[in-house]
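S.K.: Could you look at this predicted model? Sequence included:
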Amino acid sequence: MNKRNLPIEIYLIRHGEAESSWDKDKDPSLSIKGMEQASKLSEDLELLLDPKSYNIVSSPLRRAKETAEPYRAKKNYSLEINDTFSEIPSPGINLSQRKEWLKKIFVSTVSNLGKPQKAWQERIFKSISLINKPTLIFSHFMVINTIVSKLKKSKNLVVFNPDNCSITKLIKRNKKLELMNLGKELTTKIN
């Protein structure tokens, strides 16, 4: 088997607990608890991952970058910022309306998404299709759900509730993406 046919591990990691909710701050930092979660995550990744090199990719949002930082610093890796893995787009929705808008998205089917959200999904899958080495992606609840939903061939956008700092494992084999296991799940409120 040549190197191009070897499976590539891709880990989707949800950010730690945010300091503020989605309808109060467009880009909150991690809370104190979130910083503790990110530190613990770094230890967990050290035990979980093979001692090979990983690309580390993050959403540009602070809570995702801050979640990646303890592990990135420990391994002295560079951090690639990719806005494709940012929050689900909500153009024209002001901050105070975002929570109610997101509640509707939560129960929406993939086919009922708007143009901006469908384009966002396409960008996510195009970016993942270009991954060619083991990669950790520090991202968000809805990003992880859109990927898992497609891999499970679900009509629903939200198919599970990844907890803060949960780790969902994918394998890319022969250019095909497979869901290996879901991360730790928690019933979560929309924030």
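M.R.: On my side now, so go ahead.

S.K.: Confirm that residue 150 lies within a helix, as I assumed.
M.R.: Yes. Counting by DSSP: H, G, I helix; E, B strand; the rest coil, one finds residue 150 located in a helix.

S.K.: So which residues of the chain form strands?
M.R.: Remark: strands assigned in the chain by DSSP state E are 8-14, 55-58, 79-81, 135-139, 167-173, 176-181.

S.K.: between those, which gets nearest to residue 111?
M.R.: strand 176-181 (20.6 Å; Cβ to Cβ). In short, each C-beta sits where N, CA and C put it, glycine included.

S.K.: quick one: average confidence on that closest one?
M.R.: For strand 176-181, the mean per-residue pLDDT is 94.

S.K.: So what would you say the end-to-end distance of stretch 43-63 is?
M.R.: Using Cα to Cα, to the nearest Å, the end-to-end distance of stretch 43-63 comes to 18 Å.

S.K.: Can you find the helix or strand of this protein with the lowest average pLDDT?
M.R.: Sorted by mean pLDDT, DSSP states H and E, the helices and strands of the chain end with helix 98-106, the least confident at a mean of 86.

S.K.: contacts for that one?
M.R.: Contacts to helix 98-106, defined as Cβ atoms under 8 Å, 6 or more residues apart in numbering, come from residues 21-23, 88, 90, 93, 113, 117, 142, 157-158, 190-191.

S.K.: Taking the residues you listed, tell me the two that lie furthest apart.
M.R.: By the measure Cβ to Cβ, 21 and 113 form the most distant pair in the contacts of helix 98-106, at 22.4 Å.

S.K.: Done for today, thanks.
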